[in-house]
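Colleague: Structural data only, the sequence is not supplied:
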């Protein structure tokens with residue numbers, strides 16, 4: 001296989017040549033559409049660098065053109081890529097960088113904050129020993145061979161999520177400390193909802209997130225109670241923080257050219273750490289999905305239909321009555337009319 005060995009060979013807009021050299025074709029099954037416009041790439045890197053943080057975590061490395069530009073300016077870049085076909089390309093592309101990005105060839109839905117933290121800490125403690133990469137779980141960094149690893153379990157599994165609900169003032173002394181970081185990524189359209197929700201779960205201490213998404217999804221992120229687009233994605237993410245649209249990105253900026261226009265959106269986390277943790281709770285996500293399957297029913301009927309509490313009907317009734325009374329609501333109110341904070345309160349009352 002031929003390779004491109006000088007940086008001159010990599011200069012955009014020759015993404016097609018780059019992919020052809022390494023015999024890589026975009027896979028529809030992975031929703032791959034790669035940024036192919038250098039000006040857009042540099043603009044996004046400029047946005048990221050404006051946050052003035054030392055660590056960046058990327059969801060979806062792809063060919064690595066944006067990753068390369070960011071790594072030239074940032075202290076630490078950790079990028080997650082599920083497609084191992086990019087390994088030879090990445091090893092060549094990043095080999096001339098003073099501080100090459102650290103690439104984890106895994107499913108981004110399985111990577112969490114603690115996984116990144118432990119990998120960075122292990123790498124920091126073993127910089128001079130390449131053999132330590134297998135122990136650290138490092139897959140590739142500037143030419144290091146690929147090593148198979150097992151994904152670590154989430155720091156915020158269901159058992160811990162239940163603890164968060166019952167004991168919101170948990171002791172943070174025993175929790176890892178991650179330096180400030182920014183999360184970003186060009187998200188595959190078919191996985192946008194799942195990746196955003198898993199990001200809330202796995203990266204609760206993010207300084208902010210910057211995502212490239214399908215334009216149509218934007219209305220679902222900022223939807224208000226009562227609207228047709230309002231649902232679990234809007235509720236969880238708005239409880240976590242608030243969204244801002246940074247810019248529109250033409251579909252011509254991608255290869256292959258998608259059928260839709262994209263938006264670059266920013267998620268700015270709330271100062272309320274308890275709200276952020278609840279927003280990332282998988283149990284809360286499951287509750288919302290079940291509840292909104294009956295979005296047109298009254299809240300009482302929707303709960304009865306979605307939550308299997310046949311042996312605890314009295315408890316459900318008490319929690320619902322208390323919720324309606326505290327919020328001065330009608331008993332005929334529907335789930336789709338409740339704001340994120342109210343739905344969070346209802347979930348917690350049901351868990352108590």
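Modeller: Happy to help now that I have it. Only a predicted model underlies this, so the values are computations on that prediction, with no experimental measurement involved. Residues are numbered from 1 along each chain as shown.

Colleague: Tell me who's in contact with the residue nearest in space to the middle of the chain.
Modeller: Using C-alpha atoms, centre = their mean, the residue of the chain that lies closest to the mean C-alpha position is residue 199, 3.0 Å off. With contacts defined as C-beta atoms under 8 Å, 6 or more residues apart in numbering, the neighbours of residue 199 are 59, 183, 206, 209. Every C-beta, even on glycine, is put in place using the N, C-alpha and C of the backbone.

Colleague: and the residues you listed, which of them are in helices?
Modeller: Among the contacts of residue 199, no member falls in helices (criterion: DSSP state H).

Colleague: Now the two most distant members of those.
Modeller: Farthest apart among the contacts of residue 199 by C-beta to C-beta are 59 and 206. That separation is 11.5 Å.

Colleague: Which neighbours do those two have in common?
Modeller: The contact sets of residue 59 and residue 206 overlap at 183, 199 (C-beta under 8 Å, 6+ apart).

Colleague: Torsion angles phi and psi at the residue nearest to the centre of the chain?
Modeller: phi -70, psi -40 (degrees, to the nearest 10).

Colleague: Would you check how far apart it and residue 192 are?
Modeller: 11 Å (C-beta to C-beta, to the nearest Å).

Colleague: With residue 217 instead?
Modeller: 5 Å.

Colleague: swap in residue 323?
Modeller: Residue 323 is 31 Å from residue 192, by C-beta to C-beta.

Colleague: got it, and residue 286?
Modeller: According to C-beta to C-beta, residue 286 and residue 192 sit 19 Å apart.

Colleague: who has more neighbours, these two?
Modeller: For residue 286 versus residue 192, the count of surrounding residues by other C-beta atoms under 10 Å is larger for residue 192: 20 against 13.

Colleague: Buried residues of the stretch of helix or strand the more buried one belongs to, list them for me.
Modeller: Using DSSP states H and E, residue 192 sits in helix 192-202. Using 16 or more other C-beta atoms under 10 Å as the test for burial, helix 192-202 gives 192-193, 195-202.

Colleague: Leaving out the residues flanking it, which one is nearest to residue 200?
Modeller: Ranked by C-beta to C-beta, 6 or more residues apart in numbering and with sequence neighbours excluded, the top spatial neighbour of residue 200 is residue 280, at 3.9 Å.

Colleague: residues touching residue 272, list them.
Modeller: Applying C-beta under 8 Å, 6+ apart, no residues contact residue 272.

Colleague: Break the protein into its domains for me.
Modeller: 7-279, 283-351 (automatic domain parsing).

Colleague: Quick check: mean pLDDT of stretch 182-189?
Modeller: The average pLDDT for stretch 182-189 rounds to 96.

Colleague: Can you tell me what sits against that stretch?
Modeller: By C-beta under 8 Å, 6+ apart, stretch 182-189 touches 30-35, 44, 48, 51, 53, 55-60, 62, 66, 108, 195-196, 199, 203, 206-214, 217, 258, 260.

Colleague: Of these, grab the buried ones for PyMOL.
Modeller: To isolate the buried members of the contacts of stretch 182-189 in PyMOL, using 16+ other C-beta under 10 Å:
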select buried, resi 31+32+33+34+35+44+48+51+53+55+56+57+58+59+60+62+66+108+195+196+199+203+206+207+208+209+210+211+212+213+214+217
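
Colleague: Check residue 313 and give its pLDDT.
Modeller: 73.

Colleague: What is the neighbour count of it?
Modeller: 10.

Colleague: now residue 83
Modeller: The burial count for residue 83: 15, using other C-beta under 10 Å.

Colleague: and stretch 258-271, how far out from the chain's middle?
Modeller: 11 Å (C-alpha atoms, centre = their mean, to the nearest Å).

Colleague: Enumerate every residue touching residue 255.
Modeller: 15-16, 26, 33-34, 36.

Colleague: nearest residue to it other than its sequence neighbours?
Modeller: Closest to residue 255 by C-beta to C-beta, 6+ apart is residue 36, at 4.1 Å.

Colleague: That neighbour and residue 257: what is the separation?
Modeller: Remark: distance between residue 36 and residue 257 (C-beta to C-beta) = 9 Å.

Colleague: of the two, who's got more company?
Modeller: residue 36 (21 against 11).

Colleague: quick one, phi/psi of that one?
Modeller: Torsion angles, degrees, to the nearest 10, at residue 36: phi -130, psi 20.

Colleague: swap in residue 242?
Modeller: Torsion angles, degrees, to the nearest 10, at residue 242: phi -140, psi 150.

Colleague: That one and residue 265 touch, don't they?
Modeller: No. With contact defined as C-beta atoms under 8 Å, residue 242 does not reach residue 265; the gap is 10.7 Å.
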